[in-house]
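Engineer: Kindly generate the corresponding structure for this input.
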Amino acid sequence: MNLDNPFDLSGKVALVTGASRGIGESIARMIAKQGAHVIISSRKIEDCQKVADSINEDGGNASAIACHIGDMAQIENLFSEIQEKHGQLNILVNNAATNPYFGHILDTDLAAYQKTVDVNIRGYFFMSAAAGKIMRSNGGGAIVNIASINGVVPGAFQGIYSITKAAVISMTKAFAKECANSNIRVNAVLPGATDTKFAAALVKNDAILQQLMPHVPMQRVAEPDEIAGSVLYLVSDAASYTTGSCITVDGGYLIG
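Structural biologist: A predicted model of the protein is given here:
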């Protein structure tokens, strides 16, 4: 461990999914500032490239690879390209997610159910498995899953999304337990309401905010950079003895 800067990520290769905007972009920028080469990934290569170019212009080191994590073939292609171009992967941040349905759980249709499960559960699982195999051959690594406080207390009219985030929490612990002997640490971050385009239906809705804020002791929503800081800790040597943990970043919401 670099005691002068335990957050130093120089020489590391990091993959951040859903990194073209919001929390993912903030995570990618913060990791890049600590010296890692960051692979920006999301569904559209143009959006990924814009973020990568911006990081490079700021003196960082980034590249872009498109991938829709709900598509198994695209996951396979992503990791083949990483192996070919970099020969290593030290950090994976599973941030890409979907929440296509907002409504009563009884009215959830099969298409919304399937899309949410394919991305938020199957996608995270096989992204972690593919990354873990590379990390195992490299001598170790760190995986961080972006879950949600909805995985602990289901969000109103966000039934299937909340269910998948609960699965991510369990998945984190299962991977942590089985991968520890390969020197792979697996942890999760559980954001509360955060000011992103993804969460706009919540944080830009005054009626919902008026119901939410009395339950948030800090009386505000988070900024994406406030989530990214927890991720930086978990992927760095500062968290070298931390695995299977779920860090809540919610302004106190889960205190109750």
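
Engineer: in the protein, which helix or strand is least confident?
Structural biologist: None of the helices or strands of the chain scores lower by mean pLDDT, DSSP states H and E than helix 200-203, at a mean of 62.

Engineer: pLDDT on the helix or strand following it, on average?
Structural biologist: Proceeding N to C from helix 200-203, the next assigned helix or strand is helix 206-212, under DSSP states H and E. In this model, helix 206-212 carries a mean pLDDT of 75.

Engineer: And the contacts of the helix or strand just after helix 206-212?
Structural biologist: Counting by DSSP H and E, the next helix or strand C-terminal to helix 206-212 is helix 224-235. Here helix 224-235 makes contact (CB atoms under 8 Å, 6 or more residues apart in numbering) with 7, 9, 14, 22-23, 25-27, 29-31, 34, 91, 93, 142, 144, 146, 185, 187, 189, 191, 194-196, 239, 242, 245, 247, 249. For every residue, glycine as well, the C-beta is placed using N, CA and C.

Engineer: Go through those residues and flag which are in strands.
Structural biologist: The members of the contacts of helix 224-235 that map onto strands under DSSP state E are 14, 91, 93, 142, 144, 146, 185, 187, 189, 191, 247, 249.

Engineer: Save the residues you listed as TSV, and put in distance to residue 132, neighbour count and pLDDT too.
Structural biologist: Below are the ones in strands among the contacts of helix 224-235 laid out as TSV (distance: CB to CB, whole Å; neighbours: other CB atoms under 10 Å; pLDDT from 0 to 100):
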residue	distance to residue 132	neighbour count	pLDDT
14	15	26	98
91	12	25	99
93	14	31	98
142	11	27	98
144	13	27	99
146	17	25	98
185	11	24	98
187	14	25	99
189	18	26	98
191	23	24	97
247	20	19	98
249	24	18	97
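
Engineer: Switch those residues over to JSON lines; also include distance to residue 216.
Structural biologist: As requested, those are arranged in JSON lines below (distance: CB to CB, whole Å):
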{"residue": "14", "distance to residue 216": "30"}
{"residue": "91", "distance to residue 216": "30"}
{"residue": "93", "distance to residue 216": "25"}
{"residue": "142", "distance to residue 216": "29"}
{"residue": "144", "distance to residue 216": "23"}
{"residue": "146", "distance to residue 216": "19"}
{"residue": "185", "distance to residue 216": "30"}
{"residue": "187", "distance to residue 216": "23"}
{"residue": "189", "distance to residue 216": "17"}
{"residue": "191", "distance to residue 216": "12"}
{"residue": "247", "distance to residue 216": "17"}
{"residue": "249", "distance to residue 216": "12"}
